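Participant: Quick one, structure for this:
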Amino acid sequence: VAGDRLLVADPDGRRVLAIDWRKNALAPIACAGRPWQMPMAVTPGRNGSLYVADAGAHLVLRVSASGECAPIGAGTLERPTGLATIDDRLYVVDPPNHVVIVFGPDGREVLRFGGRGDGVGALNFPTGIAAASDRTLLVVDPLNFRISRFGADGGHLGSFGEPGDGGGAFGRPKAVAVDADGRIYVTDAQHDVVVVFDRSGAFDLAVGGSGAGPGQLSLPAGVAVADGFLFVADSYNHRVQVFELLGSEP
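Facilitator: A predicted model of the protein is given here:
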């Protein structure tokens, strides 16, 4: 979310969109001189810029406010799928490498953390990432069925989650968002829900359920939260659903 715009990466449509969701108005975001191949994630940068993770191009593209496009991670990234920013650093999830790679404002790699495994601080095909207001990072670690928390310096701070069907358990976690109060929202593409946790990682509730009706989901993927609303990319229903947060619950 950037201001009043909802930013959506559409890999099947090979496009990136800015949506005025209140008016259901769509506007494409172009990368000058470079067509999108498989955009998987988009996040706002500074001075009106955007970062787009294009997994098909094996790059992150920085799109300036004027539409100029600059590549980040050439020769380093294999299939970027998740993005977050803290200050002037860009954090990129690269599932085949099982790491988060961090780039500075000049586009050069400054840090990486993770590595394949199931131990402390390890990752197994991570897919999504979100930055919290306390400058910590939440990383979706699907094949370990957990969310791992890291500091901005890559230090491991803990994890939560487990495989299963019960409250707080995961089938196929995909993406994560965190609100200003520290509540954590995780899409689960197997269970067709958004699982909500408090800031400590304790399970709170699940939103959604399988189907095509209002409030139902089918393979939910991306998720964002801003200004009292929860936005969910409802992939197989080819739509974005918007939930209003009323008090403490969507």
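
Participant: Run through this protein and note the low-pLDDT ranges.
Facilitator: Where the chain drops to pLDDT under 70, the residues are 3, 248-250.

Participant: looking at it, which residue ends up farthest from its center?
Facilitator: residue 33 (25.8 Å; Cα atoms, centre = their mean).

Participant: Leaving out the residues flanking it, which one is nearest to that residue?
Facilitator: Distance criterion Cβ to Cβ, 6 or more residues apart in numbering; nearest residue to residue 33, sequence neighbours excluded, is residue 69 at 6.6 Å. Quick note: C-beta positions are derived from backbone N, CA and C, even for glycine.

Participant: now swap in residue 220 and tell me
Facilitator: That would be residue 187: by Cβ to Cβ, 6+ apart, it lies 4.1 Å from residue 220.

Participant: quick check, the one you found in a strand?
Facilitator: Yes. According to DSSP: H, G, I helix; E, B strand; the rest coil, residue 187 belongs to a strand.

Participant: before we move on, the earlier item: to which secondary structure element is the residue farthest from the centre of the chain assigned?
Facilitator: In the assignment (DSSP states H and E), residue 33 maps to no helix and no strand.

Participant: So residue 125 sits against residue 98, correct?
Facilitator: Yes. The pair residue 125 / residue 98 is scored as a contact, 6.5 Å apart, by Cβ atoms under 8 Å.

Participant: Can you pull the residues that touch both of these two?
Facilitator: Residues touching both residue 125 and residue 98 (Cβ atoms under 8 Å, 6 or more residues apart in numbering): none.

Participant: For the closest residue to residue 57 other than its chain neighbours, give me its contacts.
Facilitator: Of all residues not flanking residue 57 in the chain, residue 37 sits nearest, at 4.8 Å (Cβ to Cβ, 6+ apart). Going by Cβ under 8 Å, 6+ apart, residue 37 touches 14, 54, 55, 56, 57.

Participant: One more: residue 61?
Facilitator: Neighbours of residue 61 in contact, by Cβ under 8 Å, 6+ apart: 31, 34, 51, 52, 54, 69, 70, 71, 72.

Participant: Now compare the residues you listed and name the two farthest from each other.
Facilitator: Between any two of the contacts of residue 61, the greatest separation by Cβ to Cβ is 14.1 Å, found for 34 and 51.

Participant: Neighbour count for the two, which is higher?
Facilitator: Higher neighbour count among residue 34 and residue 51: residue 51, with 22 against 14, using other Cβ atoms under 10 Å.

Participant: for the one helix or strand that one maps to, packing partners?
Facilitator: If you go by DSSP H and E, residue 51 is part of strand 50-54. For strand 50-54, the packing partners by 3 or more Cβ pairs under 8 Å, 6 or more residues apart in numbering; DSSP states H and E come out as strand 6-10, strand 39-44, strand 59-63, strand 82-86.

Participant: can you put these in CSV and add distance to residue 20?
Facilitator: Output for the helices and strands packed on strand 50-54, formatted as CSV (distance: least, Cβ to Cβ, whole Å):
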stretch, distance to residue 20
strand 6-10, 8
strand 39-44, 16
strand 59-63, 18
strand 82-86, 22
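
Participant: Which one of these lies nearest to residue 243?
Facilitator: Here strand 6-10 is closest among those (Cβ to Cβ), at 13.0 Å.

Participant: I am finished for the moment; much appreciated.
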